[in-house]
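> based on what follows, work out the 3D shape:
(2 chains)
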There are 2 protein chains.
Amino acid sequence: MTAPPLDALLTAAGEASAVAGAPDDPATPERAARALWATLAEPGDGVAGALVAALGAAESYRRVFVAQDGRAASDAGIAPAELRAGTARWIPRLGEHALARTLVGASRCHARLLTPDSEHWPAGADDLGAHAPLCVWVRGRVPRFDAAQGAVAVVGARAATAYGEHVAGELAAGIAESGALVVSGGAYGIDGAAHRGALAVRGSTVAVLAGGADTLYPRGHTDLLERILRDGGALVSEVPCGTAPTRWRFLARNRLIAAFSAATVVVEAGARSGSLNTAGHAASIGRPLGAVPGPVTSAASIGCHRLLRDYDARCVTSAAEALELIGRGEPEPLDLGEWTGDRTRLRDALSRTTFREPGQVAARSGMAISEVEALLGALLLEGAVEHGAAGWRLRSG
Amino acid sequence: MTAPPLDALLTAAGEASAVAGAPDDPATPERAARALWATLAEPGDGVAGALVAALGAAESYRRVFVAQDGRAASDAGIAPAELRAGTARWIPRLGEHALARTLVGASRCHARLLTPDSEHWPAGADDLGAHAPLCVWVRGRVPRFDAAQGAVAVVGARAATAYGEHVAGELAAGIAESGALVVSGGAYGIDGAAHRGALAVRGSTVAVLAGGADTLYPRGHTDLLERILRDGGALVSEVPCGTAPTRWRFLARNRLIAAFSAATVVVEAGARSGSLNTAGHAASIGRPLGAVPGPVTSAASIGCHRLLRDYDARCVTSAAEALELIGRGEPEPLDLGEWTGDRTRLRDALSRTTFREPGQVAARSGMAISEVEALLGALLLEGAVEHGAAGWRLRSG
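You can find the predicted model right below:
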């Protein structure tokens, strides 16, 4: 097939947008071309990512589809075969109205387009390299993933227990109260509890969706996702509005949750929970990873325990500990107990009822008489012991 | 005071033992002198430990108490002031019958004396350096701490929950079934559950006591401790029979639990549980440390979670994982999920009801038509898809 030039796509998009109501972002050709690439390629398409990163979105489009310039591959550092395979993947979605549909879809639900030149582009996304999102669509208030307060992903199993949902809600509330952003995936179970926990304290929360930002999925979370929009949160997605969530897109979406956030905490996860995939992404791009423990008798905590065991996840039991992952708050030291201590030995050797001579106390405690006498004097001043004709004893109360 | 020579003490002990019934160990002067030192010094007395390690028990006794030879300090690498302070600590317990009382007490309850030259001396004790026990008294079957099957300490809070006791019992049973020794402290709560778990599968278990091996403490565990003896386990202690447990001796005892075992697992521990002290000893002598997680809402698991967070304890959720700590059994790898995978993308794009052409499937999946066709062919062979006049769909069931 012959691919239409970008100008033609832009013109078609402009005309369609004018009918639907203009998008609120200036659609420069480069930004529009990113939206187009995100329409043609599935999330995480590394070949599309490499081309756009190396050549720019508009120029990549021109060279790949219009000029059919094979040197684009070497210029983008990819193999010619990869470019050919990529082109074959993208072509089925390319048509005169490909961009128009995407921009009109965004316009209809007031989704804003973020690209790397946007002020609030989530910089963490770039850690995904060639698998970075080509653009991000945002409904609601544009989130500040990179604000000083930070962003923490709170994710977990759909098949959560009451315990898990309770903990997720508490964690998210504490994180949100500190001013940090609570990022999750909008799913049933832990994700939903995390969003609700943040909303409950009027905090900020973002649901990163696997389908389009207008596609409220799962159905049973329509109210929750609308409430996120209404209460100052956001729904974000890398795929065009109108795109259905698929298993593939859920898996790809998980990398965004990990990359947009400064740290990821998994609250409950079965042995095969999708949230382990999010954890894997977080670990692979060097994000701190936390896992909330639970009863070892609970199947819903198996994944968390495996993260603790095998992936060096930090054990997270409170919002304060989650915030430590992003460098906020101070860890509290644990006292493993002092097993030296003459006072302990002396008290062990004293009675509350019977008076004992220092010599007896020394023999019982294994301390020198002189030590016993010195310490008894100190304890007398503190009111901890009393002295009678027959020796010393502990004071009651 | 003038200290009696060791010979006098041995003679007194021999006479007393003859009356009480001879101990079953050959009481060489050196072994008897170790038992004497363990009578004079409290557990973990580093000065006594350094002297005995450097000069031998009998010779240390002679130089310190009989010859009052100040050079013993420099010969043992300790400061003269330490030796003076030590002597002042030990003197109150020294009398003609000190050793006799200890040996007669052991004889009465059939406690056997282990010293470093004993075949089954717990070699791990030597990792405590100057704080190593001077001797170990054993009632019951002499434990093989260093057997190939290994020994695992299972310890935890007295104030355990039903969850903690359940898990401790299961862990101990699994460890014991593998042939390993279950070491604990005989206390209420986790310790008791661990001993019971091992006994339930006819496994080997050892209670390391803070008082003498004949002093069944706590009272409520008299039956349990007697059952350990009856069923082939052992009660061991470093203090002479007849010695009362004190807080000091509990703390000191904890180091033995850690040192006798190849690894320590803490099942439940409040923020100030004594079992954290055992964990601290295990860590300080380089023993692998495990902690069993629990609900973050449970105060009884706070200490375990702190061990996971701050002390690099391994998360232990099963006996198999406890055995991994001592190098037995293989860890199972965790699959963090594959988010590439053409099959996932293809299946996402197929329906169970509607037939779709490869071109439609390519557009939906973001794959090349040639890839779609090749993979559909493979899935057809596998029986996963079916082909009709209108295209392809997933086969049901």
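> in the stretch 151-300 of chain A, where is pLDDT below threshold?
Residue ranges of the stretch 151-300 of chain A with pLDDT under 70: none are present.
> which parts of it sit against chain B?
Contact residues, the stretch 151-300 of chain A versus chain B (CB under 8 Å from any CB of the partner chain): A:163, A:166-167, A:246-249, A:251-252, A:254-255, A:271-272, A:274, A:276-277, A:279-281, A:283, A:292-297. C-beta coordinates here come from the backbone N, C-alpha and C atoms, glycine included.
> now the strands: where do they sit in chain A?
A:112-114, A:136-140, A:151-155, A:181-184, A:205-208, A:234-237, A:263-266, A:289-291, A:314-315, A:385-388, A:391-394 (DSSP state E).
> save the ones you listed as a markdown table, and put in mean neighbour count and distance to B:L325 too.
What follows is those, written out as a markdown table (neighbours: other CB atoms under 10 Å in any protein chain shown; distance: least, CB to CB, whole Å):
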| stretch | mean neighbour count | distance to B:L325 |
| --- | --- | --- |
| strand A:112-114 | 22 | 48 |
| strand A:136-140 | 25 | 45 |
| strand A:151-155 | 32 | 29 |
| strand A:181-184 | 30 | 34 |
| strand A:205-208 | 30 | 38 |
| strand A:234-237 | 26 | 43 |
| strand A:263-266 | 31 | 24 |
| strand A:289-291 | 29 | 19 |
| strand A:314-315 | 22 | 17 |
| strand A:385-388 | 13 | 44 |
| strand A:391-394 | 18 | 41 |
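> state the pLDDT value of the residue of the stretch 51-200 of chain A found nearest chain B.
Nearest to chain B, among the residues of the stretch 51-200 of chain A, is A:A88, at 3.1 Å (CB to the nearest CB). Looking at A:A88, its pLDDT is 93.
> next, work out how far apart it and A:R62 are.
18 Å (CB to CB, to the nearest Å).
> ditto for A:T344
The separation that A:T344 has from A:R62, given CB to CB, amounts to 80 Å.
> now do A:V201
To A:R62, A:V201 is 49 Å away according to CB to CB.
> ok, the two, which is more surrounded?
Shown here are A:V201 and A:R62; by other CB atoms under 10 Å in any protein chain shown, A:R62 has more neighbours (19 against 15).
> surely the more buried one meets A:P5?
Yes - A:R62 is within contact range of A:P5, at 7.4 Å (criterion: CB atoms under 8 Å).
> run a quick neighbour tally on A:H120.
With other CB under 10 Å as criterion, A:H120 counts 16.
> quick check on it: phi, psi?
phi -110, psi 30 (degrees, to the nearest 10).
> contacting residues for the residue nearest in space to the middle of chain A?
When CA atoms, centre = their mean is applied to chain A, the residue found nearest the centroid is A:A153 (2.1 Å). The neighbours of A:A153, taking CB atoms under 8 Å, 6 or more residues apart in numbering or on different chains as the test, are A:V183, A:S184, A:I257, A:A258, A:F260, A:S261, A:A263, A:T264, A:V265, A:T278, A:A282.
> contact partners for the fifth one?
Contact criterion CB under 8 Å, 6+ apart gives A:P122, A:G124, A:A125, A:P143, A:F145, A:A151, A:A153, A:V183, A:V206, A:V208, A:V236 as the residues in contact with A:F260.
> just the closest of these to B:S178, please.
Each of the contacts of A:F260 was scored against B:S178 by CB to CB, and A:A153 proved nearest at 39.0 Å.
> please name the bridge partners of the closest one.
Beta bridges link A:A153 to A:V183, A:T264, judged by DSSP bridges.
> and A:R356, how far from chain B?
12 Å (CB to the nearest CB, to the nearest Å).
> what's the closest non-adjacent residue to that residue?
The shortest distance from A:R356 to any non-neighbouring residue, by CB to CB, 6 or more residues apart in numbering or on different chains, is to A:G391 (4.6 Å).
> just checking, that neighbour touches A:E357?
Yes - contact criterion CB under 8 Å: A:G391 and A:E357 qualify, at 4.3 Å.
> now list whatever residues contact both of those two.
With the criterion set as CB under 8 Å, 6+ apart, the contacts of A:G391 and A:E357 do not overlap.
> can you tell me how far the residue nearest to A:R356 is from A:T354?
8 Å.
> now A:E373
Remark: distance between A:E373 and A:T354 (CB to CB) = 18 Å.
> so between the two, which is more surrounded?
A:E373 (15 against 11).
> list the residues that contact the more buried one.
Applying CB under 8 Å, 6+ apart, we find A:E373 in contact with A:P358.
> can you check A:A157 too?
A:G164, A:G189, A:I190, A:E268, A:A269, A:G270, A:S273, A:S275, A:A300, A:G303 are the contacts of A:A157 under CB under 8 Å, 6+ apart.
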